[in-house]
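> dropping the sequence and predicted coords here.
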Amino acid sequence: MNKYLVSNTGPMIALSGIGELEILKKLFNEVMIPHAVYNELTTGYSDTESGRESFKIPEWISIVKLSKEPDPLLVQMLDPGEAAVIELASLDTERIILMDEKKGRKIAGDIYGLPVTGTAGLLILAKRAGLINAASSLIISMRNNGYWIDEAILNFVMRETKE
């Protein structure tokens with residue numbers, strides 16, 4: 001088991017879309033999302049008025065309400081979910097960020113010095129831990145579901161996992 005994970009919206013949707021959200025539970029002691037990510041997950045990701053029903057948060061994922069607003073720099077440069085993820089992760093050095101958005105990852109790592117991984121990196125960890133048979137096939141499934149992952153990232157995962 002690793003440390004604690006603070007996830008952004010995209011990876012949660014991508015993993016859920018292929019039925020692999022449980023990987024998070026198996027890799028980390030605790031999985032948490034800030035309330036802003038919860039709002040993004042439960043609204044706006046459906047063409048129907050029942051968008052709030054479209055994503056079910058498993059009970060093992062903690063939904064955390066921030067005690068203060070995110071840093072104004074974060075609010076100015078990122079969407080509310082990304083800003084809240086970085087703010088929440090910055091409260092404890094044992095927290096790792098799961099985020100795919102390039103700008104948010106760069107800010108989290110370069111400015112805040114926080115450990116960051118993306119969905120592809122997470123799948124590499126899962127493969128190395130023996131939790132999945134093939135990371136590349138899961139990435140292809142995510143892409144088939146409409147989640148954008150660059151070809152270079154897929155190739156990197158294939159090299160790292162020797163697939």
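That came through fine.

> quick check: pLDDT value at Gly51.
With respect to pLDDT, Gly51 scores 37.

> typo on my end, it should be Asp47
Note on Asp47: pLDDT of 43.

> same deal with Glu40?
pLDDT, Glu40: 89.

> give me the number of residues near it?
Neighbourhood size, Glu40 [other C-beta atoms under 10 Å]: 23. Where you see a C-beta, it was placed from the backbone N, CA and C, and this is true even at glycine.

> is it fair to say it lies in a strand?
No: using DSSP: H, G, I helix; E, B strand; the rest coil, the secondary structure at Glu40 is helix, not a strand.

> hmm, it is touching Ala83, no?
No: if you go by C-beta atoms under 8 Å, Glu40 and Ala83 don't touch, sitting 11.6 Å apart.

> any regions of the protein where pLDDT drops low?
Residues of the chain that meet the criterion pLDDT under 70 lie in 1-2, 44-55.

> which residue ranges of it form helices?
9-17, 22-27, 35-42, 72-77, 80-89, 102-106, 119-128, 135-144, 151-161 (DSSP state H).

> so how far is stretch 142-153 off the chain centroid?
Offset of stretch 142-153 from its chain centre (C-alpha atoms, centre = their mean, to the nearest Å): 14 Å.

> which of the residues in that stretch are buried?
Under the neighbour-count criterion of 16 or more other C-beta atoms under 10 Å, stretch 142-153 has 142, 147, 149, 153 buried.

> which phi and psi does Lys94 have?
Just to correct that, residue 94 is Glu rather than Lys. According to degrees, to the nearest 10, the main-chain angles of Glu94 amount to phi -90, psi 0.
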